[in-house]
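# following is a predicted model, sequence given first.
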Amino acid sequence: MGDIFEGHGPILCEDGNTQCAVAYHEGGDPTGVDSVEALASELKKAGYVGEPAREAAVAALLSIKRFDVFVSATESRPLSGPVRLHTSWSRGYNGPFWQKVAEHWTFLKVALGDDLFHRLTDRDAARTETWESLAIVARHSKELTADIVAQALTAAPQELGPNTLRLLTREGSSQVREVLFESMKHGVADTLWGPWYRDSGITASELLAERFSGDENTLALLTAHVPAAEPPAVLPLVALCVGWPTCDRLAEVFQYCRTEKVPLPWLGHGAIVATKGDGERVAKIISKYDEYSAPLRRLELRIVTRLMVRRLRDDDDVFEQALAARGGIGRANEVMLLRLLVAARGLSNLRAEIESIVCQELDGEEAPTVLRDPVSGLESTASRVLLDGTLAR
């Protein structure tokens, strides 16, 4: 039969491998001897290069109901023992593979038993990563969803990734506040550092604020970690900004940090200024957007953007002050600020200015300014960012 990907062109990523393998075998003679033998051969490919073929083969075997081939497969020499997958986010997330695992979760638990995680990943430390991968596709299996929630309620806070936390919150467990609070306490405020699941603490603080916004008991828990006259813990501070923007403690913290010139990580600084600063200070947050627009900081940028848009929408004085402060901050910063002003209030009296910038760039009067859209997070030209913003209204 030849290679199982024959006729599909070059395969450049793991999810492409998996999609082609599943489509090929589901569309042909899925129970044919050639198909099964070809997939068994793919399981023998070892190493970093061979891993995409292994994952693709497992997904295809699940599709054609021949998972027994993987259960009984053994490693080629010099390795020994059952074939083990080496799933890792270091090569990217293989969505089609994990979707097949989710769809057949009940069967996999029976077929692999206690070896389930041992066969799906190459190291115990990756169990958090595996649960994260499964949480993304858990909608395909009620039993998988229940299993993820059960393990989340017994796991250590540092073992819970952001997707697991979102699933737990969505399912509405009675223990969700405690889990989110502990994950937030163990999280890191700067997403350029920390383990691969560094987003967990920031995600937990945001989910806690969204799920319990206005709740007095949760407010009391948070304010205990955000004293009025001491440098605040950043993630509880962010949760207060998102869920309790009018609470007295935030005004006290803002005044203390200004008076004592307390240095805060950008997320904490952006959150408190966006919530309590005047329009000029809110506009100045934009000057740091380029520095903090790297993909690893996407959550920080999104939260601060969300808080800025809310403030610009709800406070007339801050909107007018920010509008007046847009000059002299550079074209890229000016465009990003205009994008936020439009997101907050619509075009209003900004139409002429936006049309001027767009026309100058499209007519070739100015070289295109490349920046990251603060709302979508996508990198684009100034004209495209402003056009997308106006069309979104």
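The structure has been received and is ready for your questions.
# return the helix or strand in the protein with minimum mean pLDDT.
helix 14-27 (a mean of 60; mean pLDDT, DSSP states H and E).
# mean confidence score for the next helix or strand after that one?
Counting by DSSP states H and E, the next helix or strand C-terminal to helix 14-27 is helix 33-42. Averaging pLDDT along helix 33-42 yields 78.
# where does pLDDT dip in this protein?
1-34, 46-48, 122-126, 188-198, 290-296, 392-393 (pLDDT under 70).
# now do the strands in it.
All strands of the chain, identified by DSSP state E, fall at 370-372, 379-381.
# please identify the most buried of those.
Of all the strands of the chain, strand 370-372 has the most neighbours on average by mean count of other CB atoms under 10 Å, namely a mean of 18. Glycine gets a C-beta too; all of them are placed from N, C-alpha and C.
# next one: it to chain centre, how far?
20 Å (CA atoms, centre = their mean, to the nearest Å).
# repeat that for stretch 51-59.
The answer for stretch 51-59 is 25 Å, by CA atoms, centre = their mean.
# next one: stretch 175-188
17 Å.
# for residue 312, give its distance to residue 323.
In this view, residue 312 and residue 323 are 9 Å apart by CB to CB, to the nearest Å.
# now do the shared contacts for those two.
Residues touching both residue 312 and residue 323 (CB atoms under 8 Å, 6 or more residues apart in numbering) are residue 341.
# the more surrounded of these two?
residue 312 (26 against 20; other CB atoms under 10 Å).
# now do the contacts for that one.
282, 318, 319, 322, 340, 341, 343, 344, 345.
# and which of those is nearest to residue 239?
residue 282 (19.8 Å; CB to CB).
# verify the stated contact: that closest one with residue 273.
Yes. Contact criterion CB atoms under 8 Å: residue 282 and residue 273 qualify, at 6.4 Å.
# neighbour count: these two, which is higher?
residue 282 (26 against 23).
# leaving out the residues flanking it, which one is nearest to that one?
Leaving out its chain neighbours, the residue that sits closest to residue 282 by CB to CB, 6 or more residues apart in numbering is residue 322, at 5.4 Å.
# let me see the contact set for that neighbour.
279, 280, 282, 283, 312, 337, 341.
# buried members of the residues you listed into ChimeraX, please.
Entered in ChimeraX, the line below selects the buried ones among those, by 16 or more other CB atoms under 10 Å:
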select :279,282,283,312,337,341
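# what two of the contacts of residue 322 are the furthest from one another?
Every pair of the contacts of residue 322 checked by CB to CB; the farthest is 280 and 341, at 13.9 Å.
# hmm, back to that, mind putting the strands of the chain into TSV with distance to residue 259?
Formatted as TSV, these follow (distance: least, CB to CB, whole Å):
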stretch	distance to residue 259
strand 370-372	33
strand 379-381	38
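# would you map the helices across the stretch 201-350 of the chain?
Ranges of helices in the stretch 201-350 of the chain, per DSSP state H, counting those that start in this stretch, are 216-223, 234-243, 248-260, 266-276, 279-284, 298-314, 316-324, 331-345.
# of the ones you listed, which stretch is the most buried?
helix 234-243 (a mean of 27).
# just want the angle from that one to helix 216-223.
Helix 234-243 runs at 140 degrees relative to helix 216-223, counting by axes from the mean of the first three to the mean of the last three CA atoms, to 10 degrees.
# burial measure for the closest residue to residue 129 other than its chain neighbours, as a count.
Leaving out its chain neighbours, the residue that sits closest to residue 129 by CB to CB, 6+ apart is residue 89, at 6.0 Å. For residue 89, the neighbour count with other CB under 10 Å is 14.
# isn't residue 89 up against residue 130?
No. With contact defined as CB under 8 Å, residue 89 does not count as touching residue 130 (10.0 Å).
# the residue nearest to residue 129 and residue 83, how far apart?
For residue 89 relative to residue 83 (CB to CB), the value is 21 Å.
# kindly report the same for residue 60.
For residue 60 relative to residue 83 (CB to CB), the value is 14 Å.
# next one: residue 332
Counting by CB to CB, the gap from residue 332 to residue 83 is 51 Å.
# could I get the contacts of residue 312 as a markdown table with distance to residue 373?
Formatted as a markdown table, the contacts of residue 312 follow (distance: CB to CB, whole Å):
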| residue | distance to residue 373 |
| --- | --- |
| 282 | 18 |
| 318 | 22 |
| 319 | 20 |
| 322 | 18 |
| 340 | 10 |
| 341 | 14 |
| 343 | 10 |
| 344 | 15 |
| 345 | 17 |
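# ok, these vs residue 71, which is closest?
residue 343 (52.2 Å).
# so who does the closest one touch?
Counting by CB under 8 Å, 6+ apart, residue 343 has contacts 309, 312, 375, 389, 392.
# list the contacts for the first one?
Right, the one you point to is residue 309. 340, 343, 344, 375.
# just read off the phi/psi values of the nearest residue to residue 331 once chain neighbours are set aside.
Closest residue in space to residue 331, ignoring its immediate chain neighbours: residue 369 at 5.1 Å, by CB to CB, 6+ apart. When read as degrees, to the nearest 10, the backbone of residue 369 gives phi -90, psi 120.
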